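Enquirer: Here is a sequence with its predicted model. Questions after.
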Amino acid sequence: MKLQSLVVAVVAAAAAIPKFANAGCAECALPASCKDVFDEGGTTDSVYTVYPSGAAESGVDVYCDQTTDGGGWMLILAYSGTKPSLNFGTIPTDPAVAGGSHANVENFGSGYTVDDIADVRFYCTSDSTGPSAGNFFPNDGRIMHFKTSNDYVRDLAYDGIRAGNNAAFWNIGFTPFDDHTANLPGSTNDGASPASGSAATGLTGFPFYEDEKSHWAVGGVGGGSERWECDDTVIGGSSNTVHQVYVRMTPSSCVPTCSDFADLEFAVGFTESGLTDLTFLLENKSNNLEFRLTNVEVANRRLESKVTELEAMVTGLNATVTALTEALANSGGRGKNTGGSGKNTGGSNSGRRKRRIMSRDGDMD
């Protein structure tokens, strides 16, 4: 197996391990809130499944605002329209849907406590306009948008119980956002404390307001009519309003540390950033090694080509040597035959001379 393939296999195996899975904190393997979803890479405003208790069976679908103020906001109240009907106990999953619903954080399932809530965020608009008169104080385009970490407000978001309300819980210690132009909550001078038996109205009704001027009113009843108001007062009339409340939970406390990996030299392979670093390092090393191996293979092919050329040269030289050897051998044999023929020729001439002499002698006789 090539090193590159091994790297891919190792990284895939490590990525399959849940981010928070370890012997000490197995219950944190699943995101408990929108904050956990954001920290694990879910940075788009959308509906996500969160697991308040950390167990798979505790999953609940929630709407997460992941783009405002660093993300991690979980929607718990959303109403829009002209005097929509209150719908308590249904977790809202669309901040812009006509009508709406709301739920306390404790209604999301077991696993959350009030201490898990880091901030509560409020947003509202109203289309009421016109001159102030009598029981009418218009919104005139103002936007209410702020967050607070006040203990009372966090308690209110958790269980909806509003007993002991006080204006000081609202008009100090809040943080307005850039689009905030409303008088509230800074101008708050009162907050309704519902009568016994209706204390669970929570963030609906009139949790904070400036008397006879600016109100946060979500289905509150006052002045003989049901009221939906955002930094305005509209008694006996109606306006189109939008109300939203979000909570941002603290990150899961069960994030593994290096001490949870005593059997490893480091935990880099079990975190998102660590996996990225490890992947980059191994792939870089692998690419370098592959490059070097490629160079070696090219060099080997060149060497093999040279060896083939040398072998061909040696074969040619052997053929030449063989031909020369045969030529030399053939040349030596013809020299001896010629010499013998010369001798034979010489003997024949001598015999002819003798016969001529004898002939002459015969003639002389």
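Expert: Structure received.
Enquirer: From now on I want contacts and neighbour counts done on CA atoms only, so please keep to that.
Expert: Noted.
Enquirer: Quick one: the strands in the stretch 151-300 of the chain, in order.
Expert: 174-176, 209-210, 214-222, 225-234, 240-249 (DSSP state E, counting those that start in this stretch).
Enquirer: Can you say which of these is nearest to T49?
Expert: Among those, strand 240-249 comes nearest to T49, with 14.8 Å by Cα to Cα.
Enquirer: got a list of contacts for stretch 174-189?
Expert: 142-150, 167-168, 170-172, 208-211, 214-215, 231 (Cα atoms under 8 Å, 6 or more residues apart in numbering).
Enquirer: Could you pick out the buried ones from the residues you listed?
Expert: 142-150, 167-168, 170-171, 208-210, 214-215, 231 (16 or more other Cα atoms under 10 Å).
Enquirer: Mind pulling up the pLDDT for E226?
Expert: Confidence at E226, expressed as pLDDT, is 89.
Enquirer: begin at 15 from here
Expert: With 15 as the first residue, the last one maps to E240.
Enquirer: Flag the shaky bits of the stretch 15-164 of the chain, pLDDT-wise.
Expert: 15-43 (pLDDT under 70).
Enquirer: L317: neighbouring residues, count only.
Expert: 12 (other Cα atoms under 10 Å).
Enquirer: I misspoke; the intended subject was Y137.
Expert: If you count neighbours by other Cα under 10 Å, Y137 ends up with 19.
Enquirer: any idea what it is structurally, helix, strand or coil?
Expert: strand (DSSP: H, G, I helix; E, B strand; the rest coil).
Enquirer: From what I see, it and H257 are in contact.
Expert: Yes - if you go by Cα atoms under 8 Å, Y137 and H257 touch, sitting 5.9 Å apart.
Enquirer: before we move on, the earlier item: quick one: closest of the strands of the stretch 165-314 of the chain to G216.
Expert: strand 228-236 (10.2 Å).
Enquirer: Can you name the residues in contact with that closest one?
Expert: 97-100, 151, 197-198, 217-223, 240-247, 249, 257.
Enquirer: Kindly provide the whole-number mean pLDDT of stretch 345-363.
Expert: 48.
Enquirer: rewinding a little: inside helices: which ones of the buried ones among the contacts of stretch 188-203?
Expert: 182, 184-185 (DSSP state H).
Enquirer: got a markdown table for the residues you listed, with distance to A171 and pLDDT too?
Expert: Shown next, in a markdown table, are these (distance: Cα to Cα, whole Å; pLDDT from 0 to 100):
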| residue | distance to A171 | pLDDT |
| --- | --- | --- |
| A182 | 17 | 96 |
| W184 | 13 | 97 |
| N185 | 17 | 97 |
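Enquirer: And those, which is closest to E54?
Expert: The shortest approach to E54 among these belongs to W184, at 32.7 Å (Cα to Cα).
Enquirer: That closest one and E224 touch, don't they?
Expert: No - using Cα under 8 Å, W184 makes no contact with E224, being 11.0 Å away.
Enquirer: Now do the contacts for D108.
Expert: D108 sits next to 77, 92 when contact means Cα under 8 Å, 6+ apart.
Enquirer: Now do the same for it: helix, strand or coil?
Expert: Here D108 is recorded as coil under three-state DSSP.
Enquirer: Just to be sure, G330 is in a helix?
Expert: Yes - counting by three-state DSSP, G330 is located in a helix.
Enquirer: Can you tell me the number of residues neighbouring it?
Expert: Considering only other Cα under 10 Å, G330 is surrounded by 12 other residues.
Enquirer: how close does it sit to D165?
Expert: 99 Å (Cα to Cα, to the nearest Å).
Enquirer: Pull out the buried positions in stretch 82-101.
Expert: Using 16+ other Cα under 10 Å as the test for burial, stretch 82-101 gives 85-98, 101.
Enquirer: What's the end-to-end length of it?
Expert: 26 Å.
Enquirer: The residue nearest to T255 when sequence neighbours are not counted: what's it in contact with?
Expert: Once flanking residues are discounted, T255 sits nearest to S140: 4.4 Å by Cα to Cα, 6 or more residues apart in numbering. By Cα under 8 Å, 6+ apart, S140 lies in contact with 153-157, 243-246, 253-256.
Enquirer: Now F52: phi and psi?
Expert: phi -60, psi -50 (degrees, to the nearest 10).
Enquirer: quick one: the closest residue to it other than its chain neighbours from T57, how far?
Expert: Excluding the flanking residues, the one nearest F52 by Cα to Cα, 6+ apart is G86, at 5.8 Å. Using Cα to Cα, G86 is found at 9 Å from T57.
Enquirer: list the residues that contact both of the two?
Expert: Joint contacts of G86 and T57 (Cα under 8 Å, 6+ apart) are 51, 80.
Enquirer: List the beta-bridge partners for D204.
Expert: For D204, the beta-bridge partners are Y223 (DSSP bridges).
Enquirer: burial count for it?
Expert: What D204 shows, counting by other Cα under 10 Å, is a neighbour count of 20.
Enquirer: hang on, isn't it packed against A181?
Expert: Yes - when contacts are counted by Cα under 8 Å, D204 is listed as touching A181 (4.9 Å).
Enquirer: before we move on, back to that, make a PyMOL selection of the buried ones in the contacts of S140.
Expert: Selection command for PyMOL covering only the buried members of those, criterion 16+ other Cα under 10 Å:
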select buried, resi 153+154+156+157+243+244+245+246+253+254+255+256
